[in-house]
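Asker: Below is the structure, and that's it, no one-letter string:
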């Protein structure tokens, strides 16, 4: 669960073969997961091209995604600590 929370503030790409990739595909809507989880074929040439496309898309859409991020809203518990 820590990995899921860490993805929100920074742009991240995750291998489709990883446990985090599997968790994201289960937890997120298909469109959201497809932006973060890079499918792996086992062919190094094909996978490197896929990662390249994913990085390009991430950089191209970075501004839009940061505008979509939920803003931090302090809870009553966090206000009491500070």
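Answerer: Right, received. Where do you want to start? Only a predicted model underlies this, so the values are computations on that prediction, with no experimental measurement involved. Residues are numbered from 1 along each chain as shown.
Asker: Now do the helices in the chain.
Answerer: 2-7, 19-27, 30-36, 44-60, 62-68, 76-81 (DSSP state H).
Asker: Could you give me the buried positions within the second one?
Answerer: Within helix 19-27, the residues that qualify as buried are 20-21, 23-25, counting by 16 or more other CB atoms under 10 Å. (C-beta placed from N, C-alpha, C; glycine too.)
Asker: Also the longest one?
Answerer: The neighbour-count check on helix 44-60 (16+ other CB under 10 Å) flags 47, 50, 54, 58 as buried.
Asker: got those residues as CSV, with pLDDT columns?
Answerer: Shown next, in CSV, are the buried residues of helix 44-60 (pLDDT from 0 to 100):
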residue, pLDDT
47, 97
50, 96
54, 94
58, 88
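Asker: Need the max-distance pair from the residues you listed.
Answerer: Across those, no pair lies farther apart than 47 and 58, at 16.1 Å, counting by CB to CB.
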